[in-house]
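below is the sequence, then the predicted model.
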Amino acid sequence: MQRRAYVPGVAALLAALMAGCTGSSDDGGPSDSSNPGSAGTASPAAQPGRYATLPEPCGAIGPGTLDELLPGIREMTDEARRTKAYAGEATLTYDTDRKVGCSWKVESAEATNRLVVDFERVVSYDHAVSDDNQAEELFAAKREAAGLPEPVATESGSADPDDDAGDASADPDASSSPSARPSDSSAPSDAPGTSGPSGADAAAATRTSGSGSPSEDGSSPASPSDPPAGLQPRLLDEFGDEAFIDDELSSSGSTVKQRSVTVAFRTSNVIVTIEYAEQPATVGTVPDSGELQDRARKLASLLADSLGG
């Protein structure tokens, strides 16, 4: 009988087929039974921002606050006009989950006031960059465009918005005024015993006064229209993760002057910008910086609280 020789032959053939299916490929690649994901794991995606939606902008400010910001609104006798003035006008936008805004403009016998509030929710499309970090970069560009200094880290590691030129207390000759900046004693001046303003202060003074001509001591000449000391464009630390205020006086020839105050702050991945302007009805009248800045900062604080920041 030949049956004993046939069975081992079939067994050998099956064994060869099994070895071919489970063995490594000729080019050294992994076998079919290997796990491609065992070589490494994907990096975790960056955390999303705190906010996934934005508030309704025209309803974000209550009537009492609008009364203070827009004094002429109380003078309106026409109920329909007054209702429309309180309602504001929504900013045209194509994605209300990403950017919304509202504006108000009210005229009175003394002045015309205009208010614009914008909310922007920042979303990062880079998995390695969080929404907060992306918003921080955008806010830094906004701050630089306004000509303001970068926040300076203190010894504790936090940013000190009020110290953009080092620790003034280390210099015994430094002024105790909040707007004072330590000077560089090694830098030569145009005249003995005098020194010019720092770059940031000179730029702010030139912008608000509308004149770049220095005085005899090398500093920009003071102007009644300049913001007083302590009210210059500066960083703020009273609300949000970071904030700043800007103050600009503009004019059109010999006509009345308009003062515009901008307050911007960031809370997580949302950036809020407030533009508040006043143009007096009388030629020669200059809007008061302190009053406008106080109103704008109060509004910013209210909006930051409503966002939980």
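Structure's in. What do you need? Residues are numbered from 1 along each chain as shown.

after the helix or strand bottoming out on mean pLDDT in the chain, which helix or strand is next? Please name it.
Least confident helix or strand of the chain, by mean pLDDT, DSSP states H and E, is helix 199-209 with a mean of 44. Going down the chain from helix 199-209, the next helix or strand is strand 234-236, by DSSP states H and E.

and that following strand, which strands flank it?
Neighbouring strands of strand 234-236 in its sheet, by DSSP bridges, are strand 242-251 (antiparallel).

hmm, who's touching the partner strand?
136, 139, 143, 146, 148, 151, 159, 161, 207-210, 225-227, 231-237, 257-266, 286-287, 289, 292-293, 296-297, 300 (Cβ atoms under 8 Å, 6 or more residues apart in numbering). For the C-beta atoms, the positions are set from N, CA and C on the backbone; glycine is no exception.

in this structure, which spans are helices?
3-22, 63-69, 79-87, 131-145, 199-209, 289-307 (DSSP state H).

ok, of the ones you listed, where does mean pLDDT dip lowest?
Lowest mean pLDDT within the helices of the chain: helix 199-209, a mean of 44.

what's the closest non-adjacent residue to L138?
V122 (6.0 Å; Cβ to Cβ, 6 or more residues apart in numbering).

what is the burial count for that neighbour?
V122 is flanked by 23 other residues according to other Cβ atoms under 10 Å.

what does stretch 119-138 rub up against?
Defining contact as Cβ under 8 Å, 6+ apart, one finds that stretch 119-138 is touched by 43, 45-55, 57, 60, 97-101, 241-242, 266, 268-273.

from the residues you listed, which would you call buried?
Buried subset of the contacts of stretch 119-138 (neighbour count, 16 or more other Cβ atoms under 10 Å): 46, 49, 51, 54-55, 57, 60, 99-101, 241-242, 266, 268-273.

need phi/psi at the residue nearest to L138.
The phi/psi pair for V122 (degrees, to the nearest 10) reads phi -90, psi 130.

and it, how far from E79?
Distance, V122 to E79, using Cβ to Cβ, to the nearest Å: 40 Å.

repeat for L66
Taken as Cβ to Cβ, the span from L66 to E79 is 16 Å.

the two: which is more packed in?
It is L66, of L66 and E79, that has more neighbours when counted by other Cβ under 10 Å, with 21 against 8.

report the contact partners of the more buried one.
Listed by Cβ under 8 Å, 6+ apart, the contact partners of L66 are I73, Y86, W104, L115.

show residues contacting stretch 266-273.
Contact with stretch 266-273 is made by 48-51, 54, 116-123, 131-132, 134-136, 138-139, 142, 240-243, 262-265, 300, 303-304, 307-309, as judged by Cβ under 8 Å, 6+ apart.

give me the pLDDT for the closest residue to D305 other than its chain neighbours.
Excluding the flanking residues, the one nearest D305 by Cβ to Cβ, 6+ apart is F239, at 7.7 Å. Note on F239: pLDDT of 94.

low-confidence ranges in the stretch 101-250 of the chain?
Residue ranges of the stretch 101-250 of the chain with pLDDT under 70: 152-225.

burial measure for A281, as a count.
For A281, the neighbour count with other Cβ under 10 Å is 12.

hang on, it packs against N113?
No. Applying Cβ atoms under 8 Å, one finds A281 not in contact with N113, separated by 11.2 Å.

surely L299 meets T65?
Yes. Counting by Cβ under 8 Å, L299 touches T65, with 6.3 Å between them.

comparing these two, which residue is more hemmed in?
A count of neighbours by other Cβ under 10 Å puts L299 above the other of L299 and T65, at 22 against 16.

check contacts around the more buried one.
When contacts are counted by Cβ under 8 Å, 6+ apart, L299 is found next to I61, T65, L69, V117, V263, I274, Y276.
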